[in-house]
Each structure stands twice: as C-alpha cells, then as structure tokens.
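A.B. asks: Sharing a model prediction with you, sequence too.
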Amino acid sequence: MSKTITPYQDNTVTKKQQVADMFNNIAKTYDFLNHFLSLGIDIIWRKKAINELKNDKPAWILDVATGTGDFAFEALSVLKPQKIVGVDISQGMLDIAEQKIIKRNLSNQFEVKLGDSEKLPFADNEFDAVTVAYGVRNFENLEIGLADMLRVLKPGGKSVILEFSKPKGFPVKQLYNFYFNYITPGIGKIFSKDSRAYSYLPESVAAFPDGKNFVNLMDKVGFKNTKNRSMAFGICSIYTGTK
C-alpha cells in the first residue's frame, strides 16, 4: 500500500481528524475553488459518474464523503431516487450542504449525517447504490472504507466511485503535474485560509493507488463486476462494482 499522506503531516493526529479539520477550514470557499480550479470540468465528470446508475434506478442512495452535497444534488436531479443520505466527517462541509438542502426545499429527499466512512452508521444491506466523488483518497484505511461501503449495499446493489487519477501520456502528464503541483496550491493559497489543503491535494492524488491497483482493492474486499473507466486522458476515473 502507498505511503499515507496527511493534510498537516502531524504524527500526533490521525489522518481522519486532519482531513476533518482541513475540510472544516476550507468549507466556505470549497465550492468556488472546486469549480474554479477544475475550470468547471468537475461538473461534467460528476454527470458521467451518475449516469453509471441510470439503468439501475436506485431508490435509496448513500453518498459517502458527500461534502457540500454537489454530487448528491446532481444525482437527485438525474436519477430521481426516493432518498439520498450523505455522510461526511466534516461538520463544516455538512453545514454548507444543509443550507443548500433547505434553500432548495429538498429536506424530504436529501439528508446529511456526520459519520466515518470506515464505520458507516447504517445497517447491512440498506442501500441500492453507494457513491463517492473525490473522497476515497482521503480515507485513512482505504480497504476498510471500501469493505464498509460493500456492507451497507443491498445484494445486487452498485457502487460508483469518482476519483482523480494520474495521466501517463505526454504531454497531458506534464501539463497536469505542473498545474496540480504549482498552479493549484498557488490559487488555493490566495482564496483559502488553509493553503496546506491545496498542497495536500496533489500529494494525495500522487499517493493514491489508481487504475488497476484500485480495482484490485475493490475485488479484494468482495466487489463483483468491477470496472475502471478512465476519462480526460487519465486525469479522472470512474470505478464501479456490484455486491
């Protein structure tokens, strides 16, 4: 397994707590910077990931690491499920999500909870689908987190995971590395009160076991029919698996 990358490189605090603190610190600027730094392409990637569930028509969806809820809101719009529950370890991010839910009058369809991705506060076999967008690389223990996602899925249910990956071809690899390692932290430092958060981003992506390695992890914990769909010349990947 790759070396554990933490936001603040503080050995006295767990990665889990550091991630929670980091997202609490950047919650108010997160949405703006997310769309700005990705040039809005993150919205297209989310749509593609959500479309992986269109034929499954899930009624109950769990969105892990839901953050401010953007992925879940899009899933509500496209998939029309009965209910989405979002879980995250950052109360600051959930507060923003809750404000959006109230503003959009979606309290009956979208609910958020504070929770740990490795100890999801739900019963076995509860959800038709489990989604994660740009969150699995922040898990303290990736294998345990994936196994718990599988646990709460109903038999036959599907998991869709959207995550950054590492492009390998020239010149995309070089442009990507330059943008991620120099431009992203610089802009993050200007707009966010936590500049370290945007240095952690490229570090966490670099350390993440993407592609076949991640599919192998999904297989190991028990997912079936696992697939990896690479997008945007390898900048992003959609992983799917069923129970």
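C.D. replies: Sure, I can see it.
A.B. asks: helices or strands next to the helix or strand harbouring M22 in the packing?
C.D. replies: According to DSSP states H and E, M22 maps onto helix 15-37. Judged by 3 or more Cβ pairs under 8 Å, 6 or more residues apart in numbering; DSSP states H and E, the packing partners of helix 15-37 are helix 41-51, helix 91-103, helix 184-191, helix 197-207. C-betas here are computed from N, CA, C, even on glycine.
A.B. asks: relative to helix 197-207, how tilted is the third one?
C.D. replies: To tie it back to what came earlier, the one meant is helix 184-191. With axes from the mean of the first three to the mean of the last three Cα atoms, to 10 degrees defining the directions, helix 184-191 sits at 160 degrees from helix 197-207.
A.B. asks: Report the backbone C-alpha coordinates of helix 184-191 in CSV.
C.D. replies: The C-alpha coordinates for helix 184-191 follow below in CSV (Å, rounded to 0.1, in the frame of the first residue of the first chain):
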residue,chain,number,x,y,z
THR,A,184,-3.5,24.7,-7.7
PRO,A,185,-1.6,25.4,-4.5
GLY,A,186,-1.0,29.0,-5.5
ILE,A,187,-4.6,29.8,-6.2
GLY,A,188,-5.7,27.9,-3.1
LYS,A,189,-3.3,30.0,-1.0
ILE,A,190,-4.9,33.2,-2.4
PHE,A,191,-8.6,32.2,-1.8
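A.B. asks: Buried residues, it. List them.
C.D. replies: Under the neighbour-count criterion of 16 or more other Cβ atoms under 10 Å, helix 184-191 has 184-185, 188 buried.
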